[in-house]
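J.: Need a 3D model of the sequence below.
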Amino acid sequence: MAEIGLKKRIWGWFFFDWASQPYHTVLLTFIFGPFFVSLASDSFMAQGMDTELAKAEAQSMWSFTLTITGLLIGFGAPLLGAMADTGGRRIPWVIGFSLMLVAGSGSLWFTAPDGSNLTWMLMAFAFGFIGAEFALIFINAQLPTLGTHEEVGKISGSGFSFGYAGGVLSLFLLLLIFVEQPNGKTLIGLDPLFGLLDPAEREGTRITGPFVAVWFALFMIPYFMWVRDVQPTGSRTSVAAALSRLWGTVRALPAKRSLFSYLGSSMLYRDALNGLYSFGGTFALLVLDFSVVQVGVFGIIAAIGASVFSYLGGIADKRFGPKPVVIVSIWVLMGVCFMLVNLSRDRMFGFDLAEGSLVPDIVFYICGVLIGGMGGVIQSASRTLMVRHCDPVAATESFGLYGLSGRATAFMAPFLIGVATTVTGNTQLGVSPLLFLFLLGLIMLRWVNPKGEV
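T.: Model prediction:
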């Protein structure tokens with residue numbers, strides 16, 4: 001440890017965000033997710049299904065996959081955290097889950113453009129996504145070792161900002177050089193990868209999976225060079241010991257009013273945020289008739305907003321503390337949800353728009369900046385607030401519980417979106433349940449001590 005300075009350790013820690021962000025930005029939200037929904041809806045329509053029903057069915061298929069994935073992540077997180085804390089080693093876990101991310105994302109190249117292997121590709125995406133989310137638990141648990149309670153807010157915000165910058169750059173490169181538009185050309189009129197990829201087979205879009213895998217493997221090098229486990233205990237990892245330890249922690253939770261309330265609150269509002277992230281791109285594609293490339297441009301705008309806002313949010317966190325930052329972010333995101341429910345290609349808040357009006361596009365791009373920006377801020381400040389509540393001796397277990405709170409009901413937002421979409425047959429109304437999840441999370445923050453459990 002002595003030969004690696006704190007500043008270098010912090011930068012190595014930042015590089016996980018830079019390396020992993022494209023899985024969320026490129027695959028989950030702005031390119032592969034909308035691409036998958038587009039393939040699924042086309043496949044359903046080819047089977048004779050009505051257009052709107054096919055779109056709703058495609059969104060439901062994507063949402064229920066995220067539901068199952070979220071449950072696996074949520075209930076596995078605390079156990080993995082407790083197991084890691086038993087031996088005090090986190091790097092081996094990061095390596096293992098990193099390999100899952102690389103394998104899952106790389107496999108997306110095999111997505112059939114005729115939609116014939118949708119289920120297999122959903123499984124590949126889920127495998128990589130589980131790896132990304134499990135790795136993040138161990139990364140978050142390293143945050144308390146990088147600074148004081150007053151410093152970690154700015155460090156957390158800077159990490160998110162740096163990560164979103166990586167998301168912007170990866171999206172930018174993919175849209176300019178790889179991903180084909182309906183005319184077979186990239187955003188700047190090139191043949192995908194200078195003619196090496198076949199646009200008719202959607203290879204420019206399918207390559208996003210391997211691109212994310214290579215990006216992650218390359219930019220994780222600084223992390224593995226500069227970040228080390230702090231004071232491993234040398235004890236063997238034991239499932240039985242981890243379960244016993246975890247059960248003791250869970251039993252003690254109700255007595256810790258602030259921590260208990262915070263985990264409940266973050267469970268709700270982070271679930272709503274994940275719903276916005278997961279369906280922002282598909283909303284643009286299904287409701288506003290964006291192409292995958294247009295959704296990608298929207299993603300760049302959102303990610304730039306996230307990078308800038310996350311950095312500023314880290315400064316605000318250091319000055320005012322994380323709780324006020326979380327509250328302001330929730331209010332803004334509730335406003336965004338209300339806007340999306342009342343927005344379509346030809347109507348806004350019940351008023352007809354002129355044919356070809358750019359108002360829906362402009363409003364949606366503004367919403368994108370706010371989703372990305374305030375989403376980055378709320379994630380950063382939430383991580384800081386958890387540092388103030390976590391047990392330094394069992395940081396990974398604490399962040400495992402934090403992961404559980406963010407994933408135990410991760411099925412809720414996708415499930416409610418899927419149900420609302422299916423029942424109403426209307427894609428934009430499917431977003432409405434997110435408003436109530438944000439509101440409930442905001443109410444529960446009332447009992448959270450901004451200084452942590454005292």
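
J.: what pLDDT, on average, does stretch 422-441 get?
T.: Mean pLDDT, stretch 422-441: 83.

J.: Over to stretch 362-379?
T.: Per-residue pLDDT over stretch 362-379 has a mean of 88.

J.: what's the answer for stretch 176-194, then?
T.: Here the average pLDDT along stretch 176-194 is 93.

J.: Where do the helices of the stretch 51-200 of the chain begin and end?
T.: For the stretch 51-200 of the chain, the helices defined by DSSP state H, counting those that start in this stretch cover 51-87, 91-106, 118-141, 149-173.

J.: packing partners for the first one?
T.: Applying 3 or more C-beta pairs under 8 Å, 6 or more residues apart in numbering; DSSP states H and E, one finds that helix 51-87 contacts helix 32-46, helix 118-141, helix 239-252, helix 257-287, helix 395-407, helix 412-424. No exception for glycine: its C-beta is placed from N, CA and C like everyone else's.

J.: mind checking how far the helix or strand just after the fourth one is from the chain centre?
T.: Towards the C-terminus, the helix or strand next in line after helix 257-287, according to DSSP states H and E, is helix 292-320. Relative to the centre of its chain, helix 292-320 is centred 13 Å away, using C-alpha atoms, centre = their mean, to the nearest Å.

J.: low pLDDT regions in the stretch 251-400 of the chain?
T.: Judged by pLDDT under 70, the stretch 251-400 of the chain has its weakly predicted residues at 392-397.

J.: weakest of the helices of the stretch 51-200 of the chain by average pLDDT?
T.: helix 51-87 (a mean of 80).

J.: buried residues in that one?
T.: Burial within helix 51-87, assessed by neighbour count using 16 or more other C-beta atoms under 10 Å, is assigned to 54-67, 69-74, 76-87.

J.: by how many degrees do that helix and helix 412-424 diverge?
T.: If you take axes from the mean of the first three to the mean of the last three C-alpha atoms, to 10 degrees, helix 51-87 sits at 170 degrees to helix 412-424.

J.: related to what we said a few turns ago, with distance to Val377 as extra columns, can I get the helices of the stretch 51-200 of the chain in CSV?
T.: Shown next, in CSV, are these (distance: least, C-beta to C-beta, whole Å):
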stretch, distance to Val377
helix 51-87, 22
helix 91-106, 25
helix 118-141, 16
helix 149-173, 8
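
J.: From the contact counts, what lies against the helix or strand hosting Pro360?
T.: Here Pro360 sits within helix 359-389, counting by DSSP H and E. Counting contacts by 3+ C-beta pairs under 8 Å, 6+ apart, helix 359-389 packs against helix 149-173, helix 257-287, helix 292-320, helix 322-341, strand 347-348, helix 395-407.

J.: for the ones you listed, which one sits closest to Leu416?
T.: Checking the helices and strands packed on helix 359-389 against Leu416 by C-beta to C-beta gives helix 257-287 as the closest, at 7.9 Å.

J.: If you count neighbours, what's buried in the closest one?
T.: 258-287.

J.: Stretch 36-53 now?
T.: Phe36, Val37, Ser38, Leu39, Ala40, Ser41, Asp42, Ser43, Phe44, Met45, Met49.

J.: quick check, nearest of the residues you listed to Ile366?
T.: Among those, and counting by C-beta to C-beta, the member closest to Ile366 is Val37, at 22.9 Å.

J.: Look up how far Ala77 lies from that closest one.
T.: Here the criterion is C-beta to C-beta, to the nearest Å. By it, Val37 lies 27 Å from Ala77.

J.: Contacts for stretch 378-389, please.
T.: 140, 143-144, 149, 152-153, 156-157, 159-160, 258-259, 262, 266, 269-270, 273, 310, 313-314, 317, 322-323, 325-326, 329-330, 333, 398-399, 402, 448, 450-453 (C-beta atoms under 8 Å, 6 or more residues apart in numbering).

J.: try 6 Å this time
T.: With C-beta atoms under 6 Å, 6 or more residues apart in numbering as the contact definition, stretch 378-389 has outside contacts at 140, 143-144, 149, 152-153, 156-157, 160, 259, 262, 266, 310, 313-314, 317, 322, 325-326, 329, 402, 452-453.

J.: now swap in stretch 315-332 and tell me
T.: Against stretch 315-332 from outside (C-beta under 6 Å, 6+ apart): 153-154, 157, 269, 313, 370, 374, 377-378, 381, 384-385, 438, 442, 450.
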